[in-house]
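Visitor: Task: produce atomic coordinates for the following.
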Amino acid sequence: MPNSKIIRTTPEAQGDSAWKPPAGTLGELVRLAWQRVARLESGAGAIDSEATVHLARPSLRHALTGAHVGVIAEIKRSSPSRGAINPGLDSARQARAYSDGGAVAISVLTEPSAFGGSDEDLGIVRSAVGVPLLRKDFHVSESQLVEARRLGASAALVIVRAIEPSRLRSLAQAARDVSLELVFEIRDEIELDRALGAGAEIIGVNNRNLETLEIDPHTVKRIVPLIPPECVAIAESGYSTRDQVVEAARAGADAVLVGSSVSASPDPAAAVGALADVPRRPRTR
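Guide: Sure, this is the predicted structure:
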């Protein structure tokens, strides 16, 4: 049976021994993330005590299971692949425009060095809109997940390629402990197995290789059909038109994450609205 016809139902711990730390752009961003973790953990006691302040934030998973492909619109000022996108972006105004345009959730890039984000952006967006918030950063430690919850995120992104396989479960448990949802980002079948083995319920499939920054638009088409239907599948990178969202829906994606195109748009509400009415096609076994 061809791989495209097989839906992963049980995790297969294949390839774990062959894992090596990421290289290229992803490797550098992970190195910088560990530096921020060292600073963060110097005040970890205070973070733990405040982690439950924002437990009422709405569920990302629930928001992505409606009748239409959910649009997660991203707050992004710059990126390693494009450089400056919208350096002067007002995060509150942008978030309100996304919500007005029909975004079911908002992704806030808090990584500072390459994406121009900040933790303050997450707090500002939290105060501006009521939709679920995804904290998009290079999460490599449990303390960052506790911090994400304290800042008011509904969910946080974990890039499977960036994490030693044996640590994925502990990160997942740390998130559950503070009622934080995780989006496990993957690019191939082995990473899908690792995510499922860690108990993933929301899986993002990234067309972009974060080590080389190359985009392969066939990645979502190949991997999303393999994701069990009880999981939520998000298509990432390379989506800026309605036709592209329709293609993601055909592959079985429940949602698309759009960043550069809507962040750069002079009319972000209209840019999101143009993507927001594509019928969802739930995957079946």
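Visitor: got the residue ranges for the strands in the stretch 151-285 of the chain?
Guide: 155-159, 181-186, 202-206, 232-236, 255-258 (DSSP state E, counting those that start in this stretch).
Visitor: Give me the next element, helix or strand, following the helix or strand where residue 73 lies.
Guide: Using DSSP states H and E, residue 73 falls within strand 70-75. Later in the chain than strand 70-75, the nearest helix or strand by DSSP H and E is strand 78-79.
Visitor: List the strands paired with that next one, with their directions.
Guide: Taking DSSP bridges as the criterion, strand 78-79 forms sheet pairs with strand 83-84 (antiparallel).
Visitor: Packing partners of the strand holding residue 73?
Guide: On a contact count with 3 or more Cβ pairs under 8 Å, 6 or more residues apart in numbering; DSSP states H and E, strand 70-75 meets helix 91-101, strand 105-109, strand 255-258, helix 260-264, helix 268-273. For the C-beta atoms, the positions are set from N, CA and C on the backbone; glycine is no exception.
Visitor: residues making contact with the fourth one?
Guide: Under the contact criterion Cβ atoms under 8 Å, 6 or more residues apart in numbering, helix 260-264 has outside partners 73-77, 79, 82, 85-86, 89, 94, 98, 239-240, 268, 271-272.
Visitor: rerun at 10 Å
Guide: 71, 73-79, 81-82, 84-86, 89, 94, 97-98, 101, 103, 109, 237-241, 244, 268-272, 274-275 (Cβ atoms under 10 Å, 6 or more residues apart in numbering).
Visitor: To what extent is residue 150 buried, counted in neighbours?
Guide: By the criterion of other Cβ atoms under 10 Å, residue 150 has 22 neighbours.
Visitor: Hmm, it is touching residue 178, no?
Guide: Yes - Residue 150 lies in contact with residue 178 (Cβ atoms under 10 Å); the separation is 8.2 Å.
Visitor: Just want the most central residue of this protein.
Guide: Among the residues of the chain, the one closest to the centroid is residue 157, at 4.4 Å (Cα atoms, centre = their mean).
Visitor: ok, that one - contacts?
Guide: 107, 109, 134-139, 148, 182-185, 202, 204, 206, 234, 236, 257.
Visitor: can you rerun that using 8 Å?
Guide: Applying Cβ under 8 Å, 6+ apart to residue 157 gives the contacts 107, 134, 135, 136, 137, 139, 182, 183, 185, 204.
Visitor: from these, which single one is nearest residue 251?
Guide: Using Cβ to Cβ, residue 204 comes nearest to residue 251 of these, at 13.3 Å.
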